[in-house]
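In: This is the structure alone, sequence omitted:
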């Protein structure tokens, strides 16, 4: 009861502090909470989209007709089934009068897909709306019309029968974003497929069982079910759950959520700096109260509980405010974000999110409150080691939280660790320097003299302010630079990604292909030789050539003299030049892609023996390299030195750039002139990616601004609060007759000096941080933004000077009795 | 006694001859020849080597020149590479990927002709294995594909095996889960059939 009374009194007596504290904390957790909430919504929307890609809860697929016995076996392992569908797809030569092309025929049944569906050019939809195609009708992708030079309602020949093109598909939720899905699709009814008489003994087709369950199961549960059934059934059957498609979307959206997580973590850290700053100031101000309470017999435990509860109440009020805001705004945010991302978000409230957040905030108040409260209650000087120890739970909490709010492994953890190490270093080096250069003399300029004395005497205050401003500027320069690097590389990859992949070209054909491609206004790029080989030995250890291992040992080799700009050596050196041993007595230099090296346990300096079509060659790993994921051009896990195996049998891969040319004409021209060439149109593969990328770029820019705005408010609060603490100082100076102008100048100099030095260091650290994050974590090329650096370098000191000037003017013009009253 | 000695001498000579005149056969093909998904020693070229030893007591050297995904377009450069090992026989088992990718078969035929001409120039014997395209590719394309081999057989008067995957294609238990590539059991059957076709040449 006493504790509650004391807490209530503390709240009532320091209303302005409570308001600043709550505002500060609201800002700190707002972006983090929104992001977590946003992530939950993204997750559920992705779940839904992934189900649309699959069309069902679970799909069983096989290259062979699935027997009744197999169907029964599967059924027994499944939860209650609501709907069930049997689909078939196959490939066939589809012909118009002038042309024939290999295309995918998909049998569509009534009511399927259970999720998603088709939208046609006339805006009608299926399964909601349109009936199945008639026996002699097909629904086709636009590409089918382009490639066969047809239009809607024309006739195509499938097998030996003619079919009318009844509908042209505009959108297909089942569109496969993988290489197997590059063929244009035609949908027909089961009667239509039977009519074609294509499926008979020896035909290749994919048979699918599509299930929709009574109970709504999460995608993760469906994935568990997939794994469970797959381990128990015939190996010819493949089980697919929605998460198989989700992974592809996640890969793209991970970059967005990683970036947003870092931005929100930054806001959170800034808020925590403010929180620690504000609350230790509050405790110091109330140290007398603590002493009196302790003297009149209030136990230490009760005192600790009182201030912990006080902190918890403040944090809770801020949390409730933010959560209320989230709840109220969630209905409006969906359509707002949908404007930026072509993705339907489900912004329904997840109450578990609030419960989890409440627990997190309770742990936060406990872990941060104790190290701040204990030293004041115990009234004895604590050893540095004990102070450091007492902050360990808080630090661990921060690291854990950072780890869990970022989707990619370790990004948040290392980011938080980096920030904490920088703070610790700043305090250690700062204390040492201030102690060393303790200013005790006088300068002719009284204002400067006072400012320097203040900085060196109030080490803790100076260092806290310095750290707070440094973190602000560091983050200000970091966020836009990372955002700009990320969006630059993403949009670059969208613009520069190829339109076609050319496979199976002969070396001697390249010149003619190039001429043809250039004539049509595009470029033949990324030409790479591909040589088939097998890995026989790694460091004298024979590699198994049996079963699945045989598949793994078969690899494609390529050769080049130099690495591409998008590749980076992480270990080792570049190739020494062209290979020059005519009898292969010298090992060939080899470059291995990092992830492949990890998977196959290959290290720098290892010797690998290849069987290049009967010829055994020894190669030595001279470097391990990374390949940038955004490149989207042919690349190889294993690259050999130029001139070693150049005359080995090979095929050439290449890409054709995007451009303003007519893609259908390009495809038709190339396949007509070079009939043995395989030209893959990768438009579909990248289409969804490029849309998401453009939206992600727009979001990162806006989030950067939001974080900067929070940071500015935060620095305003900190400086303002710091100024309030200086009231006594100002009063003392006034009492001894120092002129108002000198007092004001001394404060302007004190805060200005701290602010300028903190800004310079902050910008340098922020730029280094942005380089590390861009280069290592997002695998993107660093975009140095001098304009942003100049802006923030000037912005923070100017704001500091303006705030200080405003508050000192206000305080020094107050009468002494008002200042005493405070 | 003299007669017996002469017979023994001739027999010994035969044995010696059989063991020393090792024929080299190059199997120029795709994943079906390479043995995708089975170990190299269980792919049909290796099995034929064993069959020759078991059934004919002949040592032959089988070069597995199969590469997964290979079309007729890229096989010529491989042939040139393998001709350095001077094969006596080149068993051409190509074209499946051309058909499965729906490529223009006039070009595929031209590619195969180049391969045949190059082999003949190198004084090696050409044996041709035909393929059939799955019926779902449509009757017109399937026929065109089948005719391509027949035209080649006629034009070059080749010894021709009509279908490499005879009795294997479409049989679930003889194929891997992809339904296209034979498993170890399937390769045994292919080896038996190819051996039957080859043995006269050995």
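Out: Perfect, thanks for sending it. Please read these numbers as outputs of a predicted model, since none were measured by experiment.

In: need the next SSE after the helix-or-strand element of chain B with minimal mean pLDDT, C-terminal direction.
Out: When the helices and strands of chain B are compared on mean pLDDT, DSSP states H and E, helix B:2-20 comes out lowest with a mean of 49. On the C-terminal side of helix B:2-20, the closest following helix or strand by DSSP states H and E is strand B:23-29.

In: and that next one, what does it pack onto?
Out: With contacts taken as 3 or more C-beta pairs under 8 Å, 6 or more residues apart in numbering or on different chains; DSSP states H and E, strand B:23-29 sits against helix B:44-56, strand B:60-66, helix B:72-82, strand B:89-93. (C-beta placed from N, C-alpha, C; glycine too.)

In: Of those, which stretch is the most buried?
Out: Across the helices and strands packed on strand B:23-29, averaging neighbours per residue (mean count of other C-beta atoms under 10 Å in any protein chain shown) puts strand B:89-93 on top, at a mean of 25.

In: and the helix or strand that it is followed by, what does it pack onto?
Out: Towards the C-terminus, the helix or strand next in line after strand B:89-93, according to DSSP H and E, is helix B:96-100. The elements that helix B:96-100 packs onto, with contact taken as 3+ C-beta pairs under 8 Å, 6+ apart, are helix B:105-121.

In: Show me what the helix it packs on is packed up against.
Out: Under the contact definition 3+ C-beta pairs under 8 Å, 6+ apart, helix B:105-121 sits against helix B:72-82, strand B:89-93, helix B:96-100, strand B:125-129, helix B:139-156.

In: Between these, which one is closest to residue A:753.
Out: Proximity to residue A:753 (C-beta to C-beta) singles out helix B:72-82 among the helices and strands packed on helix B:105-121, at 71.2 Å.

In: gap between residue A:12 and residue A:287?
Out: Residue A:12 sits 19 Å away from residue A:287, taking C-beta to C-beta, to the nearest Å as the criterion.

In: Comparing the two, which residue is more hemmed in?
Out: Between residue A:12 and residue A:287, residue A:287 has the larger neighbour count (other C-beta atoms under 10 Å in any protein chain shown), namely 12 against 9.

In: Touching, that one and residue A:376? I think so.
Out: Yes. Taking C-beta atoms under 8 Å as the definition, residue A:287 is a contact partner of residue A:376 at 5.8 Å.

In: returning to what we had before: mean pLDDT and distance to residue A:216 for the helices and strands packed on helix B:105-121 - can I get that in TSV?
Out: What follows is the helices and strands packed on helix B:105-121, written out as TSV (pLDDT from 0 to 100; distance: least, C-beta to C-beta, whole Å):
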stretch	mean pLDDT	distance to residue A:216
helix B:72-82	87	50
strand B:89-93	95	52
helix B:96-100	90	40
strand B:125-129	95	54
helix B:139-156	94	45
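
In: Any chance of these in CSV with distance to residue A:60 as columns?
Out: Converted to CSV, those look like this (distance: least, C-beta to C-beta, whole Å):
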stretch, distance to residue A:60
helix B:72-82, 36
strand B:89-93, 34
helix B:96-100, 24
strand B:125-129, 35
helix B:139-156, 29
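
In: Would you mind listing what in the stretch 651-800 of chain A touches chain B?
Out: Contact residues of the stretch 651-800 of chain A with respect to chain B, defined by C-beta under 8 Å from any C-beta of the partner chain, are listed as A:651, A:671, A:675, A:676, A:677, A:678.

In: give me phi/psi at the last one?
Out: If I follow you right, that is residue A:678. Listed backbone geometry of residue A:678 is phi -100, psi 120, with angles given as degrees, to the nearest 10.

In: Touching, it and residue B:101? I think so.
Out: Yes. In this structure, residue A:678 is within contact of residue B:101 by C-beta under 8 Å, at 6.0 Å.

In: In terms of neighbours, single out the busier of these two.
Out: It is residue A:678, of residue A:678 and residue B:101, that has more neighbours when counted by other C-beta under 10 Å, with 21 against 16.

In: Now do the contacts for that one.
Out: By C-beta atoms under 8 Å, 6 or more residues apart in numbering or on different chains, the residues touching residue A:678 are A:502, A:503, A:504, B:71, B:101, B:103.

In: and the gap between the residue most central in space within chain B and residue B:33?
Out: Centroid check for chain B by C-alpha atoms, centre = their mean gives residue B:91 as the closest residue, at 3.8 Å. Distance of residue B:91 to residue B:33, computed by C-beta to C-beta: 8 Å.

In: Assign residue A:737 to helix, strand or coil.
Out: Under the three-state scheme (DSSP: H, G, I helix; E, B strand; the rest coil), the conformation of residue A:737 reads as coil.

In: how many other residues sit next to it?
Out: When counting by other C-beta under 10 Å, one arrives at 6 neighbours for residue A:737.

In: In CSV, list the helices and strands packed on strand B:23-29 along with distance to residue B:108.
Out: Shown next, in CSV, are the helices and strands packed on strand B:23-29 (distance: least, C-beta to C-beta, whole Å):
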stretch, distance to residue B:108
helix B:44-56, 22
strand B:60-66, 17
helix B:72-82, 5
strand B:89-93, 12
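
In: buried ones in stretch A:398-414?
Out: Buried positions in stretch A:398-414, judged by neighbour count with 16 or more other C-beta atoms under 10 Å in any protein chain shown: A:398, A:399, A:401, A:402, A:403, A:405, A:406, A:407, A:411, A:412, A:413, A:414.

In: can you check stretch A:61-74 too?
Out: Within stretch A:61-74, the residues that qualify as buried by neighbour count (16+ other C-beta under 10 Å) are A:61, A:62, A:63, A:64, A:66, A:70, A:73, A:74.

In: measure stretch B:26-35 end to end?
Out: 15 Å (C-alpha to C-alpha, to the nearest Å).

In: Let me know the average pLDDT across that stretch.
Out: Mean pLDDT, stretch B:26-35: 92.

In: again with stretch A:432-450
Out: Averaging pLDDT residue by residue across stretch A:432-450 gives 76.

In: which stretches of the stretch 701-822 of chain A have low pLDDT?
Out: Along the stretch 701-822 of chain A, the parts satisfying pLDDT under 70 run over A:701-711, A:713-715, A:717, A:721, A:724-725, A:776-784, A:814-822.

In: Local confidence estimate at residue B:191?
Out: Reported pLDDT at residue B:191 in the predicted model: 96.

In: no no, residue A:76
Out: Predicted confidence (pLDDT) for residue A:76: 90.

In: Does it belong to a helix, a strand or coil?
Out: Residue A:76 is classified as helix under three-state DSSP.
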